[in-house]
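Novice: coords below, sequence missing:
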């Protein structure tokens, strides 16, 4: 991307974005991306990463909610149990399919474009630890689903309601780490 500083210079239009140098000038948003080392392709990768992460989390929010309903099904209600199990299986499969590109695109941003790469990028180390925790949560959901399928669930609906809150907390922490970069 070529940035034409003469076109970008519009005094007072972008007062918060000044470049230090011999000439103090305002930079237009398109030039800001070039100044920060962003490329068009990287922004597409980042956009799709965000879409796949949001979609993956939608599944992680809803799957434990189905577990709440499964834990409340009376033993004599076989049709309801089978319908909820079918929904759980399909959602688990779909959520897993969404997790793969979310993680892959994240790795591409990290290793391919160097976002957060380096020992001084502590926020990224914390984020990666949370991503591993989220992947573990996803795996545990699969284990719980198999227990429900075998009729081996021993937990009540209240436990699953609390379990359902974990991805919300993890998502909030990841977003804060990525946006605020507190350390």
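Specialist: Happy to help now that I have it. No experiment lies behind these values; they were computed from the predicted model shown.
Novice: what's the spatially most central residue of the chain in contact with, if anything?
Specialist: When the chain is reduced to its mean C-alpha position, the nearest residue by C-alpha atoms, centre = their mean turns out to be residue 53, at 3.4 Å. For residue 53, the contact set (C-beta atoms under 8 Å, 6 or more residues apart in numbering) comprises 102, 106. Using the backbone N, CA and C atoms, a C-beta is placed for each residue, glycine as well.
Novice: list the buried ones in the strand or helix carrying it?
Specialist: Residue 53 is part of helix 40-72 when elements are defined by DSSP states H and E. By neighbour count on 16 or more other C-beta atoms under 10 Å, the buried set for helix 40-72 is 42, 45-46, 49, 52-53, 55-57, 59-60, 62-64, 66-71.
Novice: likewise stretch 98-109?
Specialist: Per 16+ other C-beta under 10 Å, stretch 98-109 contains these buried residues: 98, 99, 101, 102, 103, 105, 106, 108, 109.
Novice: which helices and strands sit right next to the strand or helix carrying the fifth one?
Specialist: Residue 103 is located in helix 78-107, with elements delineated by DSSP H and E. Packing partners of helix 78-107 (3 or more C-beta pairs under 8 Å, 6 or more residues apart in numbering; DSSP states H and E): helix 40-72, helix 122-150.
Novice: mind checking how far residue 103 is from residue 162?
Specialist: 26 Å (C-beta to C-beta, to the nearest Å).
Novice: same question, residue 111
Specialist: From residue 111 to residue 162 the distance is 36 Å (C-beta to C-beta).
Novice: what do you get for residue 70?
Specialist: 15 Å.
Novice: ditto for residue 84
Specialist: When residue 84 is compared with residue 162 (using C-beta to C-beta), they lie 19 Å apart.
Novice: Compare neighbour counts for these two and give me the winner.
Specialist: residue 84 (20 against 11; other C-beta atoms under 10 Å).
Novice: what's the closest non-adjacent residue to the more buried one?
Specialist: residue 70 (4.9 Å; C-beta to C-beta, 6 or more residues apart in numbering).
Novice: mind showing which ranges of this protein have poor pLDDT?
Specialist: 1-37 (pLDDT under 70).
Novice: Next, the angle from the helix holding residue 53 to helix 122-150.
Specialist: 40 degrees (axes from the mean of the first three to the mean of the last three C-alpha atoms, to 10 degrees).
Novice: how big is the angle separating helix 40-72 from helix 78-107?
Specialist: 160 degrees.
Novice: Run the chain-centre distance for helix 40-72.
Specialist: Chain-centre distance of helix 40-72: 7 Å, with C-alpha atoms, centre = their mean, to the nearest Å.
Novice: what's the spacing between the residue nearest to residue 84 and residue 102?
Specialist: 26 Å.
Novice: cool, and residue 177?
Specialist: 16 Å.
Novice: now residue 66
Specialist: Taken as C-beta to C-beta, the span from residue 66 to residue 102 is 21 Å.
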